[in-house]
Structure formats: C-alpha cells, structure tokens
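In: Structural data only, the sequence is not supplied:
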C-alpha cells in the first residue's frame, strides 16, 4: 500500500442518502487521475456521520466499481473492539482489502487497552489492519514504539498518521527502516500540507483529503518526490497549500471545522461537476452561496475551474 | 422521570456475550431495592463497548423483565445524528420509554451543530430525548441556556448531567424552575458523590453508577432528601462516598479508569452473588485477584458483605 | 482560616497602576460586611497580570489597612518553586499571614514534581502554605490523597479548591475529618455557585470572587449555613447565582472569560461607588457601555443598586 | 536572525544557583561550533524555573561573553503583558538583541487579547519581539494570519515556532514570502526532528534544544540544506533523531517530560565536560545513575563520546 490513496468523500443526496452515481463518478475522477489506492469511510468520508447501511453501500459501491484495479481500504471506525470487529466483518464481506482502525474513543482508555484493542481486532478480524492515528478525534496519540511492536507481531500492516506530529511520524519511519522484523509495513501520512516533507522522510504514501478535489496534483507531487525532483515536488505542494485554504471559507461563527472543511471539498467537487449535491451529512451546517463562491475562487486560482 | 434511576451494568459471559440471566438478576436486585427507573446502555453499562446485537439484547431483556413496573431509558450512544437515530429506532422497537443522547463526538463539532443534532434526533426519533452531558467522553459541554431552549421547544424531556459541573447543573435547575415553558423537564445528576447536594439544589433524580452495587443506599438517600432530613441524607451519602473508593483499587499502571471503575462495580456485584462473571468488555483489563479482594474490603466496610 | 474570605479585586488607575485609595475603600467595603479574612493576589485579583511592584503594593496596602483585624492571605502565583519562593518572601516581608500556591505550570509537570514543589515551598518559605487547586489555569488537578499527605506532613495549612470538582473536594473534607494527623487543616471552596453545598459537606470557608460585589450576601449565606438554616442558605445562594450571571454580559466574540468576568465585578464595584475605575489589567478587553449597563441591571435585580 | 540559534541550557550549581563558569563554557562550546545566534531563557533554558535574579545573571553573562560576536535573543516568559514588559526592560538593560514572547497563559485568554498583548509588548518594549508559539505550555496556538498581520504592523520581527504544527508553520512561511510588507520577518522552527523539512519549506533558522548537545550536527545540517544537498541534510537529521532519543531515558513513573528531556541534555553536557553539574532546577527530578549511563550510550552511538 504505497502512493496516493485519497480518503474518498461520500456524496449524499439532499435527503442524506448515499448518492451512488456520484460516488462512482468520484471514483472515476480519482482513478482517472492515477491514484494508487482508495480509502473509504475515513474522516473525509464522514464515516462518523454515516449509519451502518450507508457505510455498507459505500464499500460495496467502491469495491464493485474499481473492480480490482486498485486496493480499497475501509475505515472501521467505532468506539471499542467488539463494535469495530462488526465493521471489519462488514468490510470483509463487501470485499475491502484492508481496514483502518483507531484507538478506542468515547470511553477513557489506557496504553494497555489500546494494545489489547489492536491485537484483538487483528486476531479476530479477517483483513489486514492499518492503525489510524487521529488524536483530534480519539483524544489519545499512538506511541511510535507501540506501533512498531504491533507491526513486528503482525498485528498491523501499516499506519495512517493524521496526528500532525511529524517528529513521531519520523520515529515510526526510521524505526521501521532500522528493524528487520517489519517488512512491508506501510507508513502513510494524512497531512495534506507536508506531503513533500513526509515523502522526503521516507513515508510510503499519502492520504490527502484535498486529493478528492485535486487528485492530479497529489499524483504529480508523489511522482516528483519519487523521482527525487524535490524542487518540483515543493512547488506542487505549495500550489496545493494555497488550494487547501478553501477549508477556511466557512464562517466559524456558524459552523465547525468539519462542516467547513468537508463542505468546501464537496462544494469543489460539485463545482467541477463530479458530484450532484454538495451536502454534508447531518448535523453539519451547509456552506452559504457566498462561501461556495469563495471555494470557486480558490479553485480558479489553482487552475481547476 | 424522577428518583433513583441506576445506569444498569451489563453482565457478560467469559466470552463477552450478554449474560441474560445475570442481567435479569441485576434488574431484580435494583427493582427490589425500590429504585424508580432504569437506565440501560449508558457509560456504566459499557455501551461504548457493546455491539448493536448486544445492545438490542440488553434493552429487550430489561424491558421484558421489568414488564412495565418502571420506566426504562436507553442510551443511544453514537457519533452523529443518523447513527444515533438508528439506535433510537432500535430502542423504540424494544420498548424503551425514552432515549439518552450525547452531543456528537469523534468529529469536531460546534454549538450550532449540537443544536441541530438534538432537534433532528427529537424530530425524527419516536421517543422522548434526554440530553446526556458527558464532556469526559464527548469533549464538549452542553450549555445550560441551550438545554433550556431545547426543552422549551419540546426537543428535550430531560437532562442527565454527568459533567461534574455543579454550577452549570444549578443553572439548569434554576432556569427550569424560573420558566413556565418547560413543565416536567427532568434534571438528573450522574455524580455519585454529590447526590445530597444536587437534590438540595432541586434536581429531580439521580443516576448513580454505584447504585448497581448499593441501590438501597441511594434509595434511602433519596427518601431522606425528599423528606427534608438532610442530616441523614448526608450521612448516607458519606457512607456511599467511602464505598465509591472501590473504583481506585485497579492499578493505574495496568489499566484505565473505565476498567478500574466498572471492574470494581462488577466485582462487587459478583461478590454479592448478583452476577455470574465480573468481566468487563474488551479491550478493558480485568482486576487481579488482589484487587478484587480490595473491593471486598470496601464492601465489608460499608456493611454489604 | 474559616468563613468568608473574598479574593480581593485589584482596582487600577486608567494607566494600569494600582489605585491604592480604591483598594482601601474595597477593603473597607469587605471588612464592613463582616468577612472573616482577605485573599489578595488570587485569580480575581488579576495576579497573573500584575508585575511584582504592583503585587507588593497590593499586599502592603491591604495588610496595613486591615491592621490585624483579619488574616490576609496572599497568592504566590508563579511557574515553579524558586520563582514562587521569591513571592513568598515578598509576602512575608509585607506582613501577609499565609500564602496560596498552585502546582507548577507552563512547564510540563508530574505528580512527583508537584509533591517536591509544595514541600520545597513549605520548607524554605516563611509562611503557612495553602494549596490552590486551579486546573483551568495550571492544567493539572491536585490529587486529594496528595493534599492530605502534604497536610499530615505539615507542608500545607489548607486548600483553596477552585477545581469545580465537588466530588474531589468532598474526598478532601471527609479525609481530613477521618484523620487525626491534620488538625486545623482548612478547606476553602472557590466555587461561587455551590457554597451552600460545600458548607453542607463540611467545608471550612468560601473564597467567592463575587464576594467583592456582594460580601453581605456571602456573609449571610455562611451564617445561615453555620446555623443549620439550610433553607435560607439556599435562598441566599440562589439570589447570588442570579447575580453571578453578570459574568456573561461581555461579548465572547470580543473578549475572553477573564475580561468578561473580572470586568463585570469591577463594573459592579464602580457602579456601587467602591472603586474609581472599572478597568481590568492589560491585555484584557474592557466592557462596552452597553455591557456595563447590563451589569447594572443584574445589580438592580439583586437589590444592590 | 537566521541559521542555527540554540536555546542555551542554564547550568546550575548543586544548590540551584546559576553556574556562571559553566554557562560561559557552554557558550564557547556553541560559538565554537559555528552557530549563528543564541537564545537564552527559553524552555530549554528552564526559564519557567528561574527567578528574576537568575534570569538577569544569565542574560548578562551570555551577552558579556559573546561580546557582540553573535546576536542574543532572550525569552521574556511571563503570564501577561505588564509582567512581560518588566522582563523586556531587564533584557534590554542586559544588552540582549531581541526578546521572545508567548501568548498570555495561566489566565484564560482570547485572540483579541493575544493581539493586544503583542502590540503592547512591541509598543512599550525597547527590543524587537519574536513571537513564541508554544501551545504545550500556554495552551493556545498562534494563528498564522495573526502572526503575519502583526509582522506587517511591525509588532513582530519573527516567529519561533515550537507548536509542532508544520502545516501552520508552512502557512506563515508561504504567507511571509507572498507579502511585500513583511521584509526580513524571520521564521525559526523549534522542532528538533524536522529541521531538514522546515528548511526545505523555507524556514530561516532553527532553535533546537538538542543543539546544546551537538551544535556541530545542526550547523552541518543547516549548511547542507542551504547548499541544496538534501540527501546529506537528511542523513545528518536522521543521526540527530537517533541522538534525540536520549530524552526518553528518564523513567516516566518518576518524573515529567521536562525533567527527563532537560535532564538528558544536561547529563550529556556534563559527560562531554562542558558543564560541571547536570542538575535541573527545582522541583524537577534528577536522572538516576543508570539513566545517565543510558544518555552516555546515546552519545557514544552518535559519535560524541
């Protein structure tokens, strides 16, 4: 699992159902840009907002539509082990190639319990497990040494790091390189704004939410980095940094950061004609017309409209 | 919904299934002590750890077993509105009398989204909604003014306050008393250690996790308070405060606060012969034999063994 | 150290100097109302904002002005032990009767370091030490067992609890009562809205910021409680709860909670004619004329204007 | 202000006084390695622990000893504006070339108050101000747009970013480059483990705590980066990442992260013969002999002993 693996947005109908046709067009948009894999039911997919029925539809639709061209990872996002295992089973039935799993949340947890959690999900689940390090959501940080220990045990196939802690990310990368017992362990960064840095450090791939909007940009960035052309990689990254500013058009007095950020991505996909409706799932607050216009300006400035 | 409403523990078998016979005995233990209602699938019930199948079994078992003698509230604990609505529907089908719902969690949220969330769950759900204020789990605090506004709209039937913020609790109690548009709004405290204080402030009821272990104690405490015998109420509360120290027997180097606290409650119920197995749900860490012995000493000191 | 011990506001001139004449009038206002002690250089005194010269002026002025009628506690608020010891020495020279000391802050700390800190300040300082439990400022909570252990060693003379954690407060109160080795240990609550509850639990005194504005109210409340007249105590507390709402008149889009809360207290003292200028220290944002008018309405509703 | 600017450790005597001779040797060690400036009284200098007298001695000693060869920045670390201004005056008198100032802390703050704070310190202070972004200590994050606005006003001469938020760091770097009104604004990173990344993004300099221990390493890293030799820069950074692991030798059950991290740096400086005593300031917990031995192993592995 390497390269550009966008966390696929979940297009919705105006009444909050999964818009299957739009989802297929979004998959085509991403695959056509040359991405290397797809990650469904992550944060950018609004997994936290989607009922199990929606989640099932998403995985089935995407797996069917990519038809084996690319690997598909599915988030198995829930509060603790037994609930996560239900999602892992559903993902396996739907044909996903791996699952992405956070530490327990909502409940107060402990390093020993996080360890037990990942071991249990790996032991009883039927798919390779990628740890999802997302302190902003789960309010605990995965320890680099724990990640490597679980990797060495075979409990983890990789790490999707959205912690924003680049020093800790580097510890995992360097630790995995130094050890002989974690071959093939994949380290993916979820930080849209420092992909060139992460790749220079040795990360295997990137999972950028903004990659929904501009997959070609991230594919170019990855290729430049792999070719060692750091100057072009940096220029591409800086263009994407400017584009990313769209996540701030939503008025923070009216809405939270999820409504604003995912609302902007979906508005952009709508403006590009990829999806039919820019709605984010309840109870998120929609962007206003003026805010959507601002998204359009960011798109135009980046050469995407 | 007033009086003592214990959040019912969920007895498990050694392989993490719901132990229906033990659950029925626990219900008998509580009802026999004279409690006024039951709250299933809250934090003390390990709702975060229980898959949907387990949750269904719990509500069905308890509703069937109490057979209308007492009202049964069910937690509908999930990350956002559409997922919560699935749980509300399941609770309604199983015959619960009301649901208990937190603010959105895992995702970054906003007061406007919390408001939309409760309105949506109240509008589309089929049961009265009690707001569950639990910042330690959801990382946001419900604003007293918002709670009262939602109550006046008819979106909320009550509040289960486990925030530990007694000043804010008092604002809701005094606000509800001062308004004419929130008749019957029920304010319940989840703080085991300050029940006498909350009742003196005017709270309608209490939802003490420790009430699983010693329901008679909380029933006495409530009756003393209602009779205005604050001295006896305080003495009873102080006895319960000493008993509560059992939540600290679990070694914090080996386990988190949930494992320790719920593990102690279940160990106590096991020692009293109410439930067959003291196990807490995965990935929680079990108490050791020595720790369980300490629980027994707390029980004995409180006159319960 | 028992009874009502208001944390004395620090009146300032328009150019942010200590207004000594206003401070003396404020002390007269408090002493005249029958308070039992004074606490200078706490949070309500804006200690965090005051340079050492201002701090010295405050302690000297108040000690001189009360002239031994009442005990005077002084905050020794700083980041770590050696800095705190400098403040303790200054407070001793100025004639204070005790100091109030928080856990270390700004730096990352640890329970073992908090313990060393209090021992060191007690050993090397020349005044009795009251622990100041203020997690909102120092981002750690004092453990009740640690507080009692330090009390038993003689390192602490009392606790000023502004943690808002009434369960933990009760653990200290009950623990101090149960032990024979902490005679005279004073437990004071800083929570304005639950003074009746804290006194019913057994607290020795109260340190209410709102006591600057309405010291007579808190003196009455304390006397009712000591007389066992809990009904009148509750009624007085509820009147004070309504008055406390003044801390919310400041627009949260324009200012923080300190500017709003202390700004309201100072506006109220200015409206009552006690202090000459309602300014809070830089960089706090002043209340607008309309916000000040709202403060006046709260005062009038409470019968204070 | 560009290049390698180590935050100078503060050597202490066994009784917690500033060890002037060791401090001078440490300055020689750093200047001799070719660093570009010195930053005293930052976090690595234990500024939070040092009384004003110690702080004055540190600035005077270092300014006198470098004698104008290099610029010297001094931290002016305190809770709010007027207290910070006292430190700025002291730093100016002692001959520092600039001051480093955080957002207000301890007190609850607000973006509007943070803005007023920096304007006030810049207006009334006599030295160029560098903003110190250190959320781990002050519990608020500086907004990149605010930093650039203050830079454009002339209130800020630079930013010392220790937030660990590389995306926000990049926003400041790209924003400063895009604007014509912030010439000479210096962006320095405090993140020891991602210096190559920060320099590739366009940062002007680095302020690595580990630079006390191995200044030659950071000087080489900076030179490789400036020469565009990213491969050598990365190799040097990776060597320093391994060396940095010394901050974890201290037992987290016995001490906090400051005791462990600064204790390791001082142990290393002691082992290298630069300072006489490895003690960290009270109430920090010293490393044990076994832990110090581990520091030595990290030094040896990095080729420093």
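Out: Yes, it's here. Every value quoted in this text rests on a predicted model; they were computed, and no experiment measured them.
In: now the strands for the stretch 51-200 of chain A?
Out: Residue ranges of the strands in the stretch 51-200 of chain A, as given by DSSP state E, counting those that start in this stretch, are A:72-75, A:98-101, A:129-133, A:158-161, A:186-189.
In: Can you say which of the ones you listed is nearest to chain D?
Out: Judged by C-beta to the nearest C-beta, the one of these that comes nearest to chain D is strand A:186-189, at 10.6 Å. C-beta here means a position set from N, CA and C on the backbone, and glycine is covered the same way.
In: rewinding a little: I'd like the strands of the stretch 51-200 of chain A written out as CSV, with distance to residue A:17 and mean neighbour count added.
Out: Below are the strands of the stretch 51-200 of chain A laid out as CSV (distance: least, C-beta to C-beta, whole Å; neighbours: other C-beta atoms under 10 Å in any protein chain shown):
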stretch, distance to residue A:17, mean neighbour count
strand A:72-75, 19, 29
strand A:98-101, 24, 27
strand A:129-133, 26, 26
strand A:158-161, 27, 28
strand A:186-189, 30, 26
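In: quick one, which of those strands is nearest to residue A:291?
Out: Between residue A:291 and these, the shortest gap by C-beta to C-beta is with strand A:72-75, which sits at 27.3 Å.
In: which helices and strands does the closest one pack with?
Out: Where contact means 3 or more C-beta pairs under 8 Å, 6 or more residues apart in numbering or on different chains; DSSP states H and E, strand A:72-75 is packed against strand A:38-40, helix A:52-66, helix A:81-94, strand A:98-101.
In: if you set the cut-off to 6 Å instead, what comes out?
Out: Strand A:72-75 sits against strand A:38-40, helix A:52-66, strand A:98-101, with contacts defined as 3 or more C-beta pairs under 6 Å, 6 or more residues apart in numbering or on different chains; DSSP states H and E.
In: what's the average pLDDT for the first one?
Out: Predicted confidence along strand A:38-40 averages 98 (mean pLDDT).
In: Equivalent analysis for the longest one, please.
Out: Along helix A:52-66, the predicted confidence averages to a pLDDT of 98.
In: helices and strands around it, which ones?
Out: Packed against helix A:52-66, as judged by 3+ C-beta pairs under 6 Å, 6+ apart, are the following elements: helix A:20-32, strand A:38-40, strand A:72-75, helix A:81-94.
In: could you dump the ones you listed to CSV with distance to residue D:258?
Out: What follows is those, written out as CSV (distance: least, C-beta to C-beta, whole Å):
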stretch, distance to residue D:258
helix A:20-32, 46
strand A:38-40, 38
strand A:72-75, 37
helix A:81-94, 35
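In: separation between residue A:247 and chain D?
Out: As judged by C-beta to the nearest C-beta, to the nearest Å, residue A:247 and chain D stand 11 Å apart.
In: Residues of chain A that sit close to chain B?
Out: Within chain A, the positions near chain B by C-beta under 6 Å from any C-beta of the partner chain are A:48-49, A:51, A:79-83, A:86, A:105-110, A:112-113, A:116-117, A:120, A:137, A:255-258, A:282-283, A:285.
In: Got a quick PyMOL command for the buried subset of those residues?
Out: Here is the PyMOL selection string for the buried members of the residues of chain A next to chain B, based on 16 or more other C-beta atoms under 10 Å in any protein chain shown:
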select buried, chain A and resi 48+49+51+79+80+81+82+83+105+106+107+108+109+110+112+113+116+117+120+137+255+256+257+258+282+283+285
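In: so which of the residues of chain A next to chain B are also by chain D?
Out: Those of the residues of chain A next to chain B which are also neighbours of chain D - as judged by C-beta under 6 Å from any C-beta - do not exist.
In: beta partners of residue A:12?
Out: Beta-bridge partners recorded for residue A:12 (DSSP bridges): residue A:18.
In: residue contacts, the residue of the stretch 151-300 of chain A found nearest chain B?
Out: Per C-beta to the nearest C-beta, residue A:256 is where the stretch 151-300 of chain A lies closest to chain B, at 3.3 Å. Taking C-beta atoms under 6 Å, 6 or more residues apart in numbering or on different chains as the contact definition, residue A:256 lies against B:108, B:109, B:110, B:113.
In: And the pLDDT for it?
Out: We have a pLDDT of 97 for residue A:256.
In: Ok, residue A:235 next?
Out: Per-residue confidence at residue A:235 stands at 98 (pLDDT).
In: So which bits of chain A are right by chain D?
Out: Remark: the part of chain A in contact with chain D comprises A:166, A:167, A:170, A:193, A:194, A:197, A:230, using C-beta under 6 Å from any C-beta.
In: if you set the cut-off to 10 Å instead, what comes out?
Out: Within reach of chain D by C-beta under 10 Å from any C-beta of the partner chain, chain A has these residues: A:145, A:163-171, A:173-174, A:177-178, A:191-194, A:196-198, A:200-202, A:228, A:230-231, A:233-234, A:237-238, A:241-242, A:244-245, A:248.
In: circling back to that earlier point, who wins for proximity to residue B:150 among the helices and strands packed on strand A:72-75?
Out: Evaluated with C-beta to C-beta, those place helix A:52-66 nearest to residue B:150, the distance being 26.2 Å.
In: mind listing the helices for chain A?
Out: Residue ranges of the helices in chain A, as given by DSSP state H, are A:20-32, A:52-66, A:81-94, A:111-124, A:135-138, A:144-153, A:166-178, A:195-201, A:215-226, A:230-244, A:257-271, A:289-301.
In: Tell me the helices and strands packed up against the last one.
Out: Meaning helix A:289-301. Based on contacts counted as 3 or more C-beta pairs under 10 Å, 6 or more residues apart in numbering or on different chains; DSSP states H and E, the elements that helix A:289-301 packs against are helix A:230-244, helix A:257-271.
In: That helix - what's its average pLDDT?
Out: What helix A:289-301 shows for mean pLDDT is 98.
In: what is the orientation angle of that helix with helix A:230-244?
Out: When axes from the mean of the first three to the mean of the last three C-alpha atoms, to 10 degrees is applied, the directions of helix A:289-301 and helix A:230-244 differ by 160 degrees.
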